[in-house]
Structure formats: C-alpha cells, structure tokens
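Visitor: Quick one, what's the 3D model for this:
(one chain, ligands or ions: 1)
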Amino acid sequence: MSESQEPIAIEALLKEKRVFHPPKELVEQSNIKQWMDAHGIKDYEELREKAKNIEWFWSEVAKEVVEWYEPYQKVLEWNEPFSKWFVGAKYNIVHDSLDKHVKTYRKNKVAYIFEGEPGDVRKLTYYDLYVEVNKLANALKQIGVKKGDRVGIYLPMIPELPIAALACAKIGAVHSVVFSGFSAGGLAQRLEDSEAKVLITCDGFFRRGEVVPLKEQADEAISKCPNVKTVIVYKRVGREVPWNTERDRWWHELTAGQPAVCETEKLDSEDLLYILYTSGTTGKPKGVMTAHGGYAVGTAITLKWVFDIKDTDIYWCTADIGWVTGHSYIVYAPLILGATSIMYEGAPDWPEPDRWWQIVEKYGVTILYTAPTAIRMHMRFGEKWANKHDLSTLRLLGSVGETINPEAWMWYYIHIGKQKCPIMDTWWQTETGSFVISPVPLTPLKPGTPTKPLPGFSAGVFDDSGKLLQGVGGDLYLLSPWPSMLRGLYKDLDRYKRTYWSKIPHQYLTGDKARVDEDGYIWVQGRADDILKVAGHRIGNYEIESALVSHPKVSEAVVIGKPHQIKGESIVAFVVLREGVTPSEELRAELREHVANQMGKIARPDELWFVKDVPKTRSGKIMRRVVRAKVLGEPLGDLSTLRNPEAVDEIAYAV
Ligand code: PRX
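Guide: Next comes the predicted model:
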C-alpha cells in the first residue's frame, strides 16, 4: 500500500464503524481466560456480573498476585468515603516486588532493561535490584529515616528511581516522587506539604542530546524547605554540582559499605506506601495517599489481565515514573508479576523519530503502553519511521491519559500493531491507582472508547440530579470502592470528601464527562472541571494562573485549554497587567518563561495575550467558561451574572 493511500484506509475503516476483535489465539491463551476457566466462569460478562460481589472478587484475585506475611481478617471495611482493604494483614509491597522473586527462577531474570538517551544500556536482574534496594534501604536507616517518614524523590527515568521508591517502601517510609520536569517551585511546594526530611535526586540527565541539570533545581527548592535535612545525590552524568557538605551525600558513597541484605518491614496492609501530588482545581496540588496492600492487589491483577503479562514478555510502558502511570505500571505491578520492563531515559524522537521503533526492534518488545499525545506525534512524523524496523514481536498495545481520537487509534492499530494487536485503552486516574475502565484481551474494541469497567469496578454516568443516563453526556462516577483507591488527600481529608464525595451521595465523582452507548461502552469526553490535559499531563488552570499573578507586573490572569492536534490541549493565557505597565513582546516572553520557571516547562503557556479586563461574576470570580467559549467560538451561555460583559469583547479582540 503506498503512503498516499493509507489515510483513506483509515477513514474507510472508521466509516465502517467496525468492531475490532482480538485474535483467537490471544483470547485462548490469555491470563484472564485461563483464570475464568479455572473458576468455571464461561464468559467475560458472567465474570463482570459475579464480580459485583466485590469482597468475593477481590479476595479471590488477591490470591493470584500477593503473599501476605499474615492473613487478613476482613476483605473490606467501608466507612464511606474511607476504605480499608485486607484489614489486619501484615504486608509489604516490596515482598511481592522483590523478596519473593529472589527465591525463585526469577532471581536472575531481568527486571529492567534501561537504555539511556546516549545509548548506554544497563540490565538489572531481580537480584541486582534486590541488592541495590537493600543497600539504599540500609543507608536510609543510617541517616535516620524511620517508618512513616516522608522521603522526596526527584529523579529522571533511570533505574535509581524505582530503587529509591522500593528502598523507602522496604523500611516503611512513604515516598513522594516529584516529576523531574517540574521546576524548583513545583518541587518546593510538594516537599513542603509532605514534610519530607530527605530528598533523593541526581546531578542531571540527558534529554535531546543535552544535559538537564537537576541538582541546582533541587537546591533552589530546598532553600525554601527547612524540613529537608539530607539530600542524596546519584551521579548520572558526572558533572560538577554545587555542594553543601552539611546536607548533601553522594548515593555511591552512602551505599558503598552497606550490607546487601535488609529486612523488609512487616507493615500493616493499610500503611501508607506513597503520596503522589496531582493537580486539582485550586492552586494547591492534592496529595493522593496510597496504601500497600490494596494497591498491590489492584495494580497487579489489572496489569496481569489487561496487558496479559507473561514471563516471556518484554513490556514497555513509556510513561514517566513521576506520574501515576509509572508508579503503578512501571514500578509496582510489573515487579509484582516478575515482568521484564524497558525503561528509556530520553526523548522519543532523539536522535531521529524512529528511536522508539529502534528500541522495540532491539529488545523484541511485545507490549507497548503509551499515550495518545505520543501516538499523534509519531503519526505526524509518518509511518516511514516505524516501517524501517521489525515490529513483529508486538502483541498488545495500550493507551492512557486522555481520550484517544479514532484516527490516532487506527494509525496505531495499522502502522504499529500491523492490525494484529488489540489496543487496550485504559481509563483511570492518580486517585484510582489502577485501571478502572478498560478492555481485556477478550473485549471487542471500538476505536475511541476504553469500553467497560473491569471486573470488580462499577461506573455510571449521571446528571446533576442523580439520574442515571444512557446515550447522553453527564458526569462519570464510580459506584463502589476498590482496593487501590486513594485513602484520602494528605493532611486534607475535608477536601477529599468535598472533591469526590459530595455531588451525588455515595458515589465517587471522577471529574470527567462521559456518555454510555447502546452496548454499555463508555465514551470519555474529557474533564468537567478546570483541569487541563497537556500532552497527557494533568495541570490545573488555577495553578498556572497563580504562577502568572505571582509575577510583579501581573494583576490578573485567566488560563484555558484549547484543542491541539498533538498535545490534546494547548495552554492559552489572558493577562491583565498592573497599572502603568506597558505590554510588549519582551514582557510576553518573560511571563511565559516565568511560568516555566515556577512550575516547569510543561506548564508554559503556548499563547499569552494582554487584555484590559477578564470576565468576572459580581462576586469577583473569573469566568473561565465564558473565556473558553469565546476563544473556541462556542455559544457563550448565560452572561447575566457577569459584572463586566464588555470584557468578553476584550478576549475576542486579543485572539
Ligand atoms: O480525564 C481523564 C484522563 O486523565 C485523567 C486522570 O489524569 P491523571 O490523574 O494524571 O492520570 C493519568 C494516567 C492514569 C482522567 O480523569 N484519562 C486518563 N485515561 C484516559 C483518560 N481520558 C480518556 N481515556 C482514557 N483512557
């Protein structure tokens, strides 16, 4: 087929509204089918039905994936909106991730194949990982880290990131990973809120052929966080870094003399594993709390079933561990299942746009899990880059982070999966910890929908009055508790109740809009609240607005998302300057840079416009809804509550 004909093939396939069935062989040999056979369950819908008895279901699947030190007395204690799972069990997720494997044939199996951007490769077996984790865990104890203490981790995609997380978990400390793309401001905010006493970072990392310095960012953040007493620095690139001899310790020196064995702390199943900050609708990120036992069960079984992980697989999730996808599906679940994973440090198109396809070919990747924004970027480069490589080892593909548009789905299916790999479009959130709505390798697929809730989960779309909707859009809710769910927001349980549990009684508000079709498939329509999804990253509008108004020349700011072909959404800011300040190109650049410095490059506005005023209600609340409608040329809706309707024209004038 020539290149010029291919777009037509995609369009034609989409027009047919085809349902895509997974290959028979995959179905027959799938982990989930084998589990169903062993349990006398004939078809998937029967399993979903039976799994409505969530206590039966989760206790049954827990046996598949975890080993308790001491058994639990109760599967679930539901004290709405707080859940406890596997109550009374003694447990540590590190036992399942490492300790149990080093007693089996997996001891010498590769856990991570790491490829650095410059091309350096490290293969760490389960035993290698076990030893590294033990040494760091002993070192952490030596510097006084105790059970329950919070440890910040600010590392790029290198094996030391999972090692650091596991070392914390091993001794019962709570890790809080901060995405290495965040700048000092974002890091400081999170370190301060979590009251971390140690930070683990590195000298820098490689991105697009350049060295990105990290230690300097860490230093700047810590200057605002007196709670951080020790900084452990891993040498990734070997550059000169500023050094505070009172506070800073080299990773290699600290771990050098440590014993290779460290006893894993026997925790309570409900003890905290990590805090991961995610954007909400205010300027303050939410500290999502996760517990050891339920999280282990929820993430491991969903990965085992959805991506059908087998011992022979080479699994590659391209996410960054700084976000939840990496926590759940690069660190914990693959390790619990004893999988071999790829970890890649750098940019997908470096030095050429076929870097990913080169990696797939080189290591014989069988499962590739990525995000729509990356797929659209590769689509723009063109399939010629993928066609240079043998991708025939692939058997399953995945997508996460935002709705995958059917065109991107088809391109991925045809040009990467060669029409034989089903696409697992997984819907979930930082708060859910694990997949919630997703196909399994038995599910007939429709491009653009994550299909239905997995067994053990239930979801529904409701209107504001609590009426269940079918065929029309409404709010997406989850209807019963699940093991990997958040245990609340760190130091803010009221916000937890308000944000997720107050709109309709007894149901978890996801913040997404969705529609259920005639087959019960859920079509996710995007966020209902003021949260942006930029290249799959979740950023609160308010956070960017706060960063803008923290600049001395800015009086007010409003930020909205505008559809973008590759990134999903681009960031558009409208800024009101202080009295006497004159707008200029230099100031525009300065303000965009200011946001990047405050929050990280991912939050830098793509467009920034100066306006004299922004639309506000009589009570002074900025009307983002109206600004968005004006920019997108949509109906403006009810403007009667506006104090300054003329500001709407200002917006039009600016754009
Ligand atoms: O809007 C949904 C979108 O991402 C949000 C969660 O973002 P975050 O907590 O950063 O976690 C992302 C990785 C799990 C959701 O509220 N989202 C995630 N997956 C999908 C999705 N939207 C549509 N389809 C998906 N598969």
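Visitor: could you pull out the strands for the stretch 1-150 of the chain?
Guide: 74-79, 82-87, 90-91, 110-115, 121-125, 150-153 (DSSP state E, counting those that start in this stretch).
Visitor: Run through the stretch 501-650 of the chain and note the low-pLDDT ranges.
Guide: The model of the stretch 501-650 of the chain has no residue with pLDDT under 70.
Visitor: Around the ligand, which positions in it sit nearby?
Guide: Proximity of the stretch 501-650 of the chain to the ligand, by C-beta under 6 Å from any ligand atom, involves residues 510-512, 524, 527, 538. C-betas here are computed from N, CA, C, even on glycine.
Visitor: give me the residue from the stretch 301-450 of the chain nearest the ligand.
Guide: Closest contact between the stretch 301-450 of the chain and the ligand, by C-beta to the nearest ligand atom, is at residue 430 (3.4 Å).
Visitor: any idea whether that residue is helix, strand or coil?
Guide: coil (DSSP: H, G, I helix; E, B strand; the rest coil).
Visitor: 237 is where my numbering starts, stick with that
Guide: Shifting the count to begin at 237 puts that one at residue 666.
Visitor: just for this protein, where's the confidence low?
Guide: Along the chain, the parts satisfying pLDDT under 70 run over 237-244, 891.
Visitor: and the longest helix for it?
Guide: The helix that spans the most residues within the chain, counting by DSSP state H, is helix 362-378.
Visitor: picking up where we left off before, of all the strands of the stretch 237-386 of the chain, which lies closest to the ligand?
Guide: Across these, the ligand has its closest neighbour in strand 386-389 (17.7 Å, C-beta to the nearest ligand atom).
Visitor: Show me what that closest one is packed against.
Guide: helix 396-406, strand 410-413, helix 420-430, strand 434-438 (3 or more C-beta pairs under 8 Å, 6 or more residues apart in numbering; DSSP states H and E).
Visitor: Next, format the ones you listed as JSON lines and append distance to the ligand.
Guide: What follows is the helices and strands packed on strand 386-389, written out as JSON lines (distance: least, C-beta to the nearest ligand atom, whole Å):
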{"stretch": "helix 396-406", "distance to the ligand": "17"}
{"stretch": "strand 410-413", "distance to the ligand": "13"}
{"stretch": "helix 420-430", "distance to the ligand": "14"}
{"stretch": "strand 434-438", "distance to the ligand": "22"}
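Visitor: I'd like these written out as JSON lines, with mean neighbour count and distance to residue 388 added.
Guide: JSON lines is the format used below for those (neighbours: other C-beta atoms under 10 Å; distance: least, C-beta to C-beta, whole Å):
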{"stretch": "helix 396-406", "mean neighbour count": "28", "distance to residue 388": "10"}
{"stretch": "strand 410-413", "mean neighbour count": "25", "distance to residue 388": "5"}
{"stretch": "helix 420-430", "mean neighbour count": "22", "distance to residue 388": "5"}
{"stretch": "strand 434-438", "mean neighbour count": "27", "distance to residue 388": "4"}
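Visitor: any chance of these in CSV, plus distance to residue 303?
Guide: Listed next are the helices and strands packed on strand 386-389 as CSV, based on distance: least, C-beta to C-beta, whole Å:
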stretch, distance to residue 303
helix 396-406, 15
strand 410-413, 22
helix 420-430, 30
strand 434-438, 28
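Visitor: Ok, which of these comes nearest residue 867?
Guide: When the helices and strands packed on strand 386-389 are compared by C-beta to C-beta, helix 420-430 sits nearest residue 867, at 26.2 Å.
Visitor: got the CA coordinates for the closest one in PDB?
Guide: Output of helix 420-430 as PDB, limited to C-alpha atoms (Å, rounded to 0.1, in the frame of the first residue of the first chain):
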ATOM      1  CA  ALA A 420      12.100  24.300  41.800                       C
ATOM      2  CA  GLY A 421       8.800  26.000  42.600                       C
ATOM      3  CA  GLY A 422       6.700  22.800  42.000                       C
ATOM      4  CA  LEU A 423       9.200  20.700  43.900                       C
ATOM      5  CA  ALA A 424       9.300  23.000  46.900                       C
ATOM      6  CA  GLN A 425       5.500  23.100  47.200                       C
ATOM      7  CA  ARG A 426       5.400  19.300  47.300                       C
ATOM      8  CA  LEU A 427       8.300  18.800  49.600                       C
ATOM      9  CA  GLU A 428       6.900  21.300  52.000                       C
ATOM     10  CA  ASP A 429       3.400  19.900  52.000                       C
ATOM     11  CA  SER A 430       4.700  16.300  52.500                       C
END
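Visitor: Pull the residues that contact the helix or strand harbouring residue 751.
Guide: For residue 751, the host element (DSSP states H and E) is strand 744-752. Residues from elsewhere that reach strand 744-752 (C-beta atoms under 8 Å, 6 or more residues apart in numbering): 317, 665, 695-697, 705-715, 721, 735-739, 758-765, 767.
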